[in-house]
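[1] the sequence and its predicted three-dimensional model are supplied below.
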Amino acid sequence: MKYPVGPAPRDSAAAPERTKPGADARLFAALWPGPDLRAQLGRRRDAWRWPAAARPLADDQLHLTLHFIGAFARNRIAALHRLLITIPVKSTTLRAHDDEVWRGGIAVLRFASDASLAALHGRLGAVLADLGVALDPKPFSPHVTLARRARGAERPHDPAAIEWRADGFALVESLAAAGSGYRVLQSYLGTPS
């Protein structure tokens with residue numbers, strides 16, 4: 001089955017402004033997969049058997065959200081960037097460990113967390129909270145959403161043998177108001193471990 005693939009995300013410096021300058025941007029911080037990992041995630045998504053109502057995510061939408069930021073004033077993004085670049089990031093390798101369908105019909109591939117990922121999540125959360133961003137009160141559960149409206153989907157029988165070498169994170173804008181897709185506004189790379 002083919003899924004629509006939009007244009008590859010790119011840094012905002014090369015991207016034309018799509019909305020009026022005073023508008024809010026819908027933002028999140030995420031681990032953003034490179035092409036090889038994105039292909040592996042796509043193959044895992046394609047190994048599921050989806051019901052007719054399911055909405056599998058396109059390859060270019062597969063990512064691991066660290067924090068959902070939500071509506072954020074565009075004129076404050078530069079200040080957010082100045083804070084995000086100060087966050088130390090330690091490289092880590094995440095391992096996929098389970099496919100699940102969560103309440104609400106969200107099909108996910110879960111990843112095991114480690115101390116480096118938990119520390120990054122915590123540091124990001126502290127910066128965002130200081131800026132007045134309301135953080136999700138639920139415990140962090142690292143995952144990649146594979147499909148929505150997936151109630152009744154059959155997950156693959158084989159274990160997910162996917163390793164994700166995470167060397168940084170990205171600040172990403174959701175372009176839902178402009179149609180769909182995401183745009184990477186900035187990438188933040190860490191130090192090798």
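    Thanks, I have it. Numbers count the residues shown, from 1 in each chain.
[2] per-residue confidence at the closest residue to residue 73 other than its chain neighbours?
    Leaving aside its chain neighbours, residue 73 sits nearest to residue 24 (5.7 Å; criterion: CB to CB, 6 or more residues apart in numbering). Where C-beta positions appear, they are placed from N, C-alpha and C, glycine not excepted. In this model, residue 24 is scored at 91, pLDDT.
[3] scan the protein for its longest helix.
    Secondary structure of the chain per DSSP state H: the longest helix is helix 115-130.
[4] show me what contacts the residue nearest to residue 73?
    71, 72, 73, 74 (CB atoms under 8 Å, 6 or more residues apart in numbering).
[5] ditto for residue 86
    residue 127.
[6] go on, residue 171?
    Per CB under 8 Å, 6+ apart, neighbours of residue 171: 27, 28, 29, 77, 80, 81, 84, 184, 185, 186, 187, 188.
[7] can you tell me how far it is from residue 27?
    Distance from residue 171 to residue 27, counting by CB to CB, to the nearest Å: 6 Å.
[8] between these two, what contacts are shared?
    77, 80, 185.
[9] packing partners of the helix or strand harbouring the first one?
    Using DSSP states H and E, residue 77 sits within helix 77-84. Secondary structure elements in contact with helix 77-84, counted by 3 or more CB pairs under 8 Å, 6 or more residues apart in numbering; DSSP states H and E, are strand 24-31, helix 115-130, strand 168-174, strand 182-189.
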